[in-house]
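*Asks:* sequence first, predicted coordinates after that:
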Amino acid sequence: MKQKITILSFLLPVLCAACTPQATEKKAVPGKVVYSCTFAEGEWKSEDWLRVKSPRWDYLGGWVQDKGFIRNEIPQDASDQEMLGKRAGETYSSMLYKDKLTTNVTVSATMDFAYRMAPLLVIAPELGKDAKGVNEYREHYEIVLYDEGVNIWHHYYADGKPFWKKVAHNKFALDKNRKYNMTVEIKTVKRQGVTKGKMIVVSVDGEHEFGVLDDPFPDEFYVGITGCEGLNRFYDFEIRK
């Protein structure tokens, strides 16, 4: 399909120097800094974060620390294709900033992927617990970067089972092993003083902006990062309000 935008209703050896991602210029983001860190060694604190697992798999992934970034744990004996398919659960590492936020906030992170996908920013109103008492996602949103652009997924949880749907997509080409800064703004939309809902607005390197209006949307929520379906690197993270 050539349509531009379609709106639908978480340590292991480092890759070779030749695979070092290209840099990208970060764009200025308005607002006061609530939290900011780089994920370089010694530059962030794990106690600022909550590790969370997916309800889809009995697996709590960790983060691998490198000098200039963190990356999700991945199975060393799996191919790129297997990590996209039958072994995707073994690549899932996720964490949320410890404090809840409210609407009219902007979250950004610099990230990349080593094959095709899928580093992402996550928004989660509430967390549940699995049978072992581990933090586990319930309803949440994923804003996903991959080689064909950005997807926004709305995940649900009912009767002990997760399910999900894609609510927006912006199609454009992205390269592996290249840093991208993705910004997600969560804002209230008003018309003539009347609140019409809350919108998620996404841009990559200050370009390719698109959004989706979703109502009802939670008034309070956690935000964070997830690496999955391959090797993903994260370089920084910032919250502004």
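*Replies:* Happy to help now that I have it.
*Asks:* which residues does the closest residue to residue 60 other than its chain neighbours contact?
*Replies:* The shortest distance from residue 60 to any non-neighbouring residue, by CB to CB, 6 or more residues apart in numbering, is to residue 53 (4.5 Å). The C-beta positions use only the backbone N, C-alpha and C, and glycine is treated the same way. For residue 53, the contact set (CB atoms under 8 Å, 6 or more residues apart in numbering) comprises 59, 60, 61, 92, 94, 130, 134, 135, 136, 137.
*Asks:* which of the residues you listed are buried, as a PyMOL select command?
*Replies:* Typed into PyMOL, the next command selects the buried ones out of the contacts of residue 53 (criterion: 16 or more other CB atoms under 10 Å):
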select buried, resi 60+61+92+94+135+136+137
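*Asks:* measure the residue nearest to residue 60 to residue 193 for me?
*Replies:* Separation of residue 53 from residue 193 (CB to CB, to the nearest Å): 42 Å.
*Asks:* do the same with residue 154
*Replies:* On the measure of CB to CB, residue 154 and residue 193 end up 28 Å apart.
*Asks:* just want to know which of the two has more residues nearby.
*Replies:* Neighbours per residue (other CB atoms under 10 Å) separate residue 154 from residue 193, with residue 154 holding more: 21 against 5.
*Asks:* gap between the more buried one and residue 235?
*Replies:* 27 Å.
*Asks:* with residue 214 instead?
*Replies:* Distance of residue 214 to residue 235, given as CB to CB: 28 Å.
*Asks:* what sits against residue 220?
*Replies:* So residue 220 contacts 100, 101, 102, 125 (CB under 8 Å, 6+ apart).
*Asks:* now list the buried members of these.
*Replies:* By 16+ other CB under 10 Å, the contacts of residue 220 give residue 101 as buried.
*Asks:* dump the contacts of residue 220 to JSON lines, plus secondary structure and pLDDT.
*Replies:* Putting the contacts of residue 220 into JSON lines (DSSP: H, G, I helix; E, B strand; the rest coil; pLDDT from 0 to 100) gives the following:
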{"residue": "100", "secondary structure": "coil", "pLDDT": "98"}
{"residue": "101", "secondary structure": "strand", "pLDDT": "97"}
{"residue": "102", "secondary structure": "strand", "pLDDT": "95"}
{"residue": "125", "secondary structure": "coil", "pLDDT": "96"}
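*Asks:* which of the contacts of residue 220 sits closest to residue 172?
*Replies:* residue 101 (28.0 Å; CB to CB).
*Asks:* that closest one against residue 222, yeah?
*Replies:* Yes: if you go by CB atoms under 8 Å, residue 101 and residue 222 touch, sitting 7.4 Å apart.
*Asks:* please enumerate the shared neighbours of these two.
*Replies:* What both residue 101 and residue 222 touch, as defined by CB under 8 Å, 6+ apart, is an empty set.
*Asks:* from the contacts of residue 53, which land in strands?
*Replies:* With strands taken from DSSP state E, the overlap with the contacts of residue 53 comprises 94, 135, 136, 137.
*Asks:* which of these sit farthest apart?
*Replies:* Checking those against each other with CB to CB, the farthest-apart pair comes out as 94 and 136, at 10.1 Å.
*Asks:* give me the common contacts of the two.
*Replies:* The overlap between the contact sets of residue 94 and residue 136 (CB under 8 Å, 6+ apart) consists of 52, 53, 54.
*Asks:* what's the closest non-adjacent residue to the first one?
*Replies:* Ranked by CB to CB, 6+ apart and with sequence neighbours excluded, the top spatial neighbour of residue 52 is residue 135, at 4.5 Å.
*Asks:* and that neighbour, bridged to which residues?
*Replies:* Per DSSP bridges, the residues bridged to residue 135 are residue 129.
*Asks:* isn't it right up against residue 54?
*Replies:* No: at 10.6 Å, residue 135 does not count as touching residue 54 under the criterion of CB under 8 Å.
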